[in-house]
Structure formats: C-alpha cells, structure tokens
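S.K.: Prediction below, plus the sequence it came from.
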2 protein chains.
Amino acid sequence: MEEIIRAIAQKTDSKIVLVVLDGLGDLPVEGKTPLEAARTPTLDELAGNSALGLLDPIARGITPGSGPGHLGLFGYDPLQYEVGRGVLEALGIGLDLEPEDVAVRGNFATVDENGVLTDRRAGRLPTDENKRICAKLQRQIRKIEDVSVQIEPVMDHRFALVLRGPGLGSGVADTDPQKTGLKPLPVTAVAQDRGSRKTARIAERFVFQAMAVLKDEVKANAVLLRGFGKLPKIPKLQELYKLTPAVIAGYPMYRGLARLIGMEILPLELGDERLEEKMRLLREHWERFDFFFIHIKRTDSAGEDGNFSRKVELIEEFDAHLPEILALEPDVLAITADHSTPVPLRSHSWHPVPLLLHSRYIWPGGSDQRFTERACRRGGLGRFRAVELMPELLAHALKLQKFGA
Amino acid sequence: MEEIIRAIAQKTDSKIVLVVLDGLGDLPVEGKTPLEAARTPTLDELAGNSALGLLDPIARGITPGSGPGHLGLFGYDPLQYEVGRGVLEALGIGLDLEPEDVAVRGNFATVDENGVLTDRRAGRLPTDENKRICAKLQRQIRKIEDVSVQIEPVMDHRFALVLRGPGLGSGVADTDPQKTGLKPLPVTAVAQDRGSRKTARIAERFVFQAMAVLKDEVKANAVLLRGFGKLPKIPKLQELYKLTPAVIAGYPMYRGLARLIGMEILPLELGDERLEEKMRLLREHWERFDFFFIHIKRTDSAGEDGNFSRKVELIEEFDAHLPEILALEPDVLAITADHSTPVPLRSHSWHPVPLLLHSRYIWPGGSDQRFTERACRRGGLGRFRAVELMPELLAHALKLQKFGA
C-alpha cells in the first residue's frame, strides 16, 4: 500500500487538519462515556455533517503505547516501524540526531543510602530544577572514552541523553526496574553485537559518574535510563504523501514523532496545553502548510487519573475551541485518538477509538448523530485499522489520483 | 501478530470461558433463525450486558471443516496451519503420537460380493461392536514390514489407525470414494516422496489384510481410510498466551484438537453430550485452569439433520444451563460457533457466526439486544476473522500488556 499511495499522491492546495485527543475513547460509567456525558454543541452539529467510524490503533486486542498509537494514524504500520522512546524525546526537544547517535530517555530518581529506589521520578522534579541539574551534569560529563555525551532537560523529571561516537549499537535494556524498593538495574546489552556492548559500557560509566555528581542532591540523586534507540529508517510525509505538514503539540514525545516523519514543529512552549495557544498557532501558520496535526494531551491524563468529570470538562473545552478550527474551513477535518484510556481502567486500552471525518465528500450521518463511541460504532466509515486512515484523509482532500487506467 | 501476542501475553488470575455451540449460525426459516425462535431468557439478559459481533471462521465465502473452524477460534490461522483429521481422532481418544507416526481415520464399511460399497458407515456400527472388531483386527495385524500397526476404536463406525516405523510420509489420499455403488479407492501416494509411497504401500497391505480378517462380518467387512497425517508443528496455548487451558468436549476430534494445542482434556466419557456433566466438570476444575473451551456438538447435528425445532430445543437447553457458567463469574465469557450449519442447507456453510463477548470492559449493547445472527450483525464488535478472537478475549481478561512505549 505504501508504494501505491506514494505513486498516486499529488500536491494540491487543499488542507487537512487531524486533531488527536489523546486517550479519548472510553467505556460507560453509570451508562455514559465521557463523550456521551459532555455537552458539545459544536461537535454535535459537526457530527451530523460528518462521517463516523472506529479505528483499531494497531489491531484488535492490542493496547498501544503512545508511539505505535500515533504511527498508525500517520499511515505507518506500527507492526512494521519501531521507534525508540529515547529518539522521540530527543527529537521532541529539538535535538538533531545523526544516524549513528544513540538516544536515551532518562529519568531523575531518588535512591536511599543503600542505592535502593525510593522515588522513580525524584518527586516529579520541577522543570527548573531539572534544568539546573542537567547543566551541572553536562559540566562534569562531556566525553566517555571516544563518545561525546549530551544531556538535555525535557520536562519534570525527564531528560534526554544522546551518545555520539563511533560504533555504538542500540540493543540495550532499560535500567528502570519499574518499581521502588529495588536497585536500578545495571546497563546490559540485550543484542550480542559489539556496538550494543559498547553502548552498554559507556552508559554504565555515565550512570556511575552521574551518581557521583548528584550525590549531594536531595531528590535527584540517581538516573534511570530507558528506550535506547537510533533514528529509524522511516520515510517522511513529504515523500509518501507530498504533504507540507506541521505539528502543534506541547509534549516532547509527540513533537519528536512528528518531526521524525517530517513535520515542522510550530513554536509552542514545551508542556503548553492551552487550546487558545494551539488555535492561535493554527491560524498564524494556516497558509504555509497543508497538513496540521494538533495533539491534545490532557484527555489521556484525565483517563489515567480515573477522573471522569475532568475528562468531560476537557472534551467540553475542546468543543468550545472547535469553532476556531471550523472558521478556517479545512477541506478535511478528522477528530480521533491514538488509543482509548478508559476511566474504569485508568490506563491505555485496546478498545477501538472514535473517529469523525468531515469533508464535502462524505455520506453525512444525519442531524441526530453525535460524536460518541456508540455512534461511531454504527458510523458509515465502519471499523478499520488506523494505518488506513491517511489514505481516507488524502482521498477526501482530493490528494490521491486514480489507481490504474 | 503471533510474535507480538507471544511477547505481550502475561499470566494473570483472570478466567476465560469460550463456549462453542457447534454449527450454531443459521438462516431464517419462515422468517426466523433457530436463535431467533428460541426462548432464551438468560441469553437475552446476558446479551444486553455484552458486546456482539460476527466472526468469519476462515474468510468470506469459505465453508470450514471442523478442524479449521476451531483452529481459527484459538488464534491459529487455518490458512497457515493444517491438521490431518487422523491426528485429531487419535489424539482425541488419548493415543500418544510420536513426531514420525502417521495417524489415519478409519471407517468400517459394508461391501457386497463384488467389493462395491453398499454402506460407507457399516450401518453406523454400535461402538461396542466397533470395539470387538478392532480387538479382532489388532490380534491379527500387529506389524507390516518394519511398521507397527495400532488399531483403536473411536465411536460408532470410526476407528483410529496409527502407523509407526522408519521413514513414513503422510502425502496419501483418502480411499473413501464418498458414495456407495463404487469400490473403495486403492491407497495412493499423492506426494512423490519415498516416505509417502512407503505409507501408501503399508496402508494398502493393511486394507487387504483387514478385508481378510473381516470377511465373515455381516456389516463391517471393509475399511475406508481418510485423513493421513502427522503431528503438525504448532505452538501450544501455554507458549503463545501463557494460558493453563482445559477442554470440556465429548467428541474425539475436538478433544484431539484441544490436546494438540496444549489443553488438558477434562474427564468426560467419549460421546457424552450432557450439559449437566459438562457444567459439573467446569465447576470441579474451575480453580485449576484459566481458560476453558466448552464444546457442544448437538446443535451442529440438528443443523445437519435439517431439524429446525430440534436446534431450537438445544439452544433452549443451553440457555437453561447458562446460569451455571455465569455463577462462576468468569472474567471473560464468549459464546460462538466454529461455523454455521443452516437448517435449509443441512451442512456446514460459509456464513459468519454469531459472537457474544461478556466482560467488564465492553460497550454493552443495551437491554433490547438479543443474541441472534441479526443482532450480531449490528453488534459493537463488528465483523472480523475468527483468528482475531483470541487477542480480543485475552485483552478483555487483561492478559495482554501494552505494545510499545
């Protein structure tokens, strides 16, 4: 399919907006899902003039992580493309990666006098503290053997670590034991190539040196390393679809993923989730791009917190800003999610996600159709894999030529 | 997908019950299918709190045999895995097969003085007669060339034949011409390897010797051989899904298939189709397993007999026993079929089969939803291939971890 789409995609003036309300899909609580409980006059009206459907982010029964959940939405089969979390974090904060760099996601953590983890997030370190500590580390640690070491703050307790030097591999396991009461794991190569063993050795020395530098810190006196990875070979949206795409996202990992596949990151402060800012950016940059990915994080967080009424509020808040998108009259507007985060489960889930597709060229559902999981189940688009969404969006924007004579 | 599921499956305490009402799916007769005509108060109530859907056992338009129909339900793509019927029969009556054994399904039959078939089932020989005749054959035939020959009664007119010796192949055609008035076919190798030619030669000598031993029998004076096969390479449910699975089935072939993929056969008399016995076994062994496959044969037989009212009765009988399953509070309960056996067709068919999935984590269909083919067509699970059912069941039992970061 990728080859076919590549061959028939054409550049046009039409504009596509894809809004991802992270973790939007849910289950009923006392008979209603958050989408059903929310008052959403604008979404309701839009739904009547739109086609609805359900997307399986990866495949039936599979609960996606955030990376795979998004890859599918942009037409990359998450069963085929794998992207390390370290790469996404590094790209997301604007670092430039060389093909041979190894990027790692780091967490500052707290250990007791025996080296046992007491807090895997160092009390969710404030970002300013994080910046101070990263600067301190970077001053002390610049090179290990022939490998240069870059340490950059991300948000809260998270930092990005980039190793640059000859012959590094990325087959290295996480050191985070995933619970407190245990010691951080030693850095271990899981792949048997010489490069991965070298990376493990350098990273282990980094951890050791970092602990020495941080020994007087009250909270951030240890580091955990996760998601070792290199830039994957992945075609860009420009090549695949002849798009000029932009991302409006506050969280580093979504910005990183978007950048990896060729999107320009519109200038938003890291962590800024204000919809008015996102809408302002959309308006300001409307002329320059033909594909906008707007990421909204907080719906997922509300689901993870099991906070039903908060999720309802956030949906209503989105509804209040939706007229600003509609005022720009995109040729195609899709509203969906990267996965469900149902309040009863307080975690990502395997459930298919609701999809709304608005364009001139659809079978509209009718004025009694709302944008809810149940309505999407009956929707005209049916249920399909997220990886098939991009062809639908491009087609509805008249960006795909006829296949075959 | 198999690799992914294998990587993310986790052992938990949650319990899954999969009920297969063999051949359940049907077509309307005078406006109603058997499921629609049956009075099923418990199923009706359950359906309101469940998600419905349709399964294509193999693929659209393909009518499954019993083997492929079941393989799909357990997550083995029937287009990829092929299992000889002889192997299923042999395993189903408890025989242990070595990897190089060839297992064959035998029928006792009646031929006239010219060797022409007059009854392909020897008047559906009583099982006791079958036992007597198998013992008589086994006394006379123990070894042919360097191949040991094991003959074991199954049920009615059927027996299992196991050939054990060096260099046997299984590319051998059935000898059953499928209708009376013809002579049994000679045993012929369809594969060109030396092993299959050896098996054909041994089997032909077995048929010849058996005819001699049976020449004075009134009914069972000939044998027909079908389904030559070896143990296939197929991963077990334990490996794939980390399950501890059990089967409750009366018929040998379903027990054989279940055993092949790692299920423990709970102690039920061969051919025992009493639901009270099956429910008793379920209760007695509830603690020891986390996956139960309950097979119910008679719905299929009623379809094959074209007996609408009998099929309705059997559905009502199942409904009456359903509270016994519900009382155990399985985390996931699925009710479905391996294929349709519509009364108007009196045979297996290609129609998709109804599926009911009950768990805490579904979008329920609402109190006016019954478990019927028509309701399943509109159900929230949509229509999908049976091979995708296991990931759904495992996900709803929280037995699958997140995929990717």
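M.R.: In hand now; what should we look at?
S.K.: Closest residue of the stretch 51-200 of chain A to chain B?
M.R.: residue A:61 (2.8 Å; CB to the nearest CB). Bear in mind the C-beta positions are built from the backbone N, C-alpha and C, glycine included.
S.K.: number of nearby residues for that residue?
M.R.: Here the count is done by other CB atoms under 10 Å in any protein chain shown, and residue A:61 has 24 residues near it.
S.K.: Pretty sure it sits against residue B:398.
M.R.: No: applying CB atoms under 8 Å, one finds residue A:61 not in contact with residue B:398, separated by 11.2 Å.
S.K.: how far away is the residue nearest to residue A:75 when sequence neighbours are not counted from chain B?
M.R.: Distance criterion CB to CB, 6 or more residues apart in numbering or on different chains; nearest residue to residue A:75, sequence neighbours excluded, is residue A:390 at 3.4 Å. From residue A:390 over to chain B the distance is 19 Å, taken as CB to the nearest CB, to the nearest Å.
S.K.: Can you name the residues of chain A that neighbour chain B?
M.R.: A:27-28, A:33, A:54, A:58-69, A:78-79, A:82, A:84-85, A:226-227, A:342, A:344-345, A:347-351, A:373-374, A:377-378, A:382-383 (CB under 8 Å from any CB of the partner chain).
S.K.: Now the buried members of those residues.
M.R.: A:27-28, A:33, A:54, A:58-69, A:78-79, A:84-85, A:226-227, A:342, A:345, A:347-351, A:373-374, A:377, A:383 (16 or more other CB atoms under 10 Å in any protein chain shown).
S.K.: So which of those residues are in helices?
M.R.: Counting by DSSP state H, the part of those found in helices is A:66-69, A:85, A:373-374, A:377.
S.K.: which residues touch stretch A:227-234?
M.R.: Residues from elsewhere that reach stretch A:227-234, judged by CB atoms under 8 Å, 6 or more residues apart in numbering or on different chains: A:76, A:81-89, A:97-105, A:170-174, A:199, A:203, A:260-261, B:405.
S.K.: What is the end-to-end distance of that stretch?
M.R.: One end of stretch A:227-234 to the other measures 18 Å (CA to CA, to the nearest Å).
S.K.: can you check stretch A:254-268 too?
M.R.: Start-to-end, stretch A:254-268 (CA to CA) is 13 Å.
S.K.: spatially speaking, which residue is in the middle of chain A?
M.R.: By CA atoms, centre = their mean, chain A has its centre lying nearest to residue A:254, at 3.2 Å.
S.K.: contacting residues around the spatially closest residue to the residue of the stretch 51-200 of chain A closest to chain B that is not a sequence neighbour?
M.R.: Nearest in space to residue A:61, with sequence neighbours left out and distances taken as CB to CB, 6+ apart, is residue B:391 at 2.8 Å. Residues in contact with residue B:391, defined by CB under 8 Å, 6+ apart, are A:59-62, A:350, B:1, B:5, B:75, B:400.
S.K.: Pull up the pairing partners for the longest strand anywhere in chain A, direction included.
M.R.: For chain A, the longest strand by residue count, based on DSSP state E, is strand A:102-111. Sheet partners assigned to strand A:102-111 using DSSP bridges are listed as strand A:117-119 (antiparallel), strand A:158-164 (antiparallel), strand A:222-229 (antiparallel).
S.K.: Next secondary structure after the last one?
M.R.: If I follow you right, that is strand A:222-229. Sequence-wise, the next helix or strand downstream of strand A:222-229 (DSSP states H and E) is helix A:237-241.
S.K.: in that following helix, what's buried?
M.R.: So, applying 16+ other CB under 10 Å, buried residues of helix A:237-241: A:237, A:240-241.
S.K.: what would those look like in CSV with distance to residue B:316?
M.R.: Output for the buried residues of helix A:237-241, formatted as CSV (distance: CB to CB, whole Å):
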residue, distance to residue B:316
A:237, 57
A:240, 56
A:241, 56
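S.K.: hang on, residue A:335 is in a helix, isn't it?
M.R.: No: using DSSP: H, G, I helix; E, B strand; the rest coil, the assignment for residue A:335 is strand, not a helix.
S.K.: what separates it from chain B, distance-wise?
M.R.: 19 Å.
S.K.: Around that residue, count how many other residues there are.
M.R.: 26.
S.K.: Identify the residues contacting it.
M.R.: Applying CB under 8 Å, 6+ apart, the residues near residue A:335 are A:19, A:21, A:43, A:355-356, A:371.
S.K.: which other helices and strands contact the worst-scoring helix or strand of chain A on mean pLDDT?
M.R.: Here the helix or strand of chain A ranked lowest by mean pLDDT, DSSP states H and E is helix A:85-92, holding a mean of 89. Judged by 3 or more CB pairs under 8 Å, 6 or more residues apart in numbering or on different chains; DSSP states H and E, the packing partners of helix A:85-92 are strand A:102-111, strand A:158-164, strand A:222-229, helix A:252-260.
S.K.: if we can go back for a sec, separation between the residue of the stretch 51-200 of chain A closest to chain B and residue A:26?
M.R.: Distance, residue A:61 to residue A:26, by CB to CB, to the nearest Å: 18 Å.
S.K.: Find the nearest non-adjacent residue to residue A:273, please.
M.R.: Spatial nearest neighbour of residue A:273, excluding adjacent residues (CB to CB, 6+ apart): residue A:250 at 4.9 Å.
S.K.: In three-state terms, label the one you found for me.
M.R.: coil.
S.K.: quick one: average pLDDT of the host helix or strand of residue A:324?
M.R.: Here residue A:324 sits within helix A:308-327, counting by DSSP H and E. In this model, helix A:308-327 has an average pLDDT of 98.
S.K.: Okay, buried residues for that helix please.
M.R.: A:308, A:310-319, A:321-322, A:325.
S.K.: And stretch A:245-265, by the same measure?
M.R.: Buried, per 16+ other CB under 10 Å, within stretch A:245-265: A:245-263, A:265.
S.K.: circling back: okay if I get the helices and strands packed on helix A:85-92 as CSV plus mean pLDDT?
M.R.: Below are the helices and strands packed on helix A:85-92 laid out as CSV (pLDDT from 0 to 100):
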stretch, mean pLDDT
strand A:102-111, 96
strand A:158-164, 96
strand A:222-229, 94
helix A:252-260, 92
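S.K.: Select, out of the ones you listed, the one closest to residue B:186.
M.R.: strand A:222-229 (62.2 Å; CB to CB).
S.K.: Taking their axis directions, that closest one and helix A:85-92 sit at what angle?
M.R.: 90 degrees (axes from the mean of the first three to the mean of the last three CA atoms, to 10 degrees).
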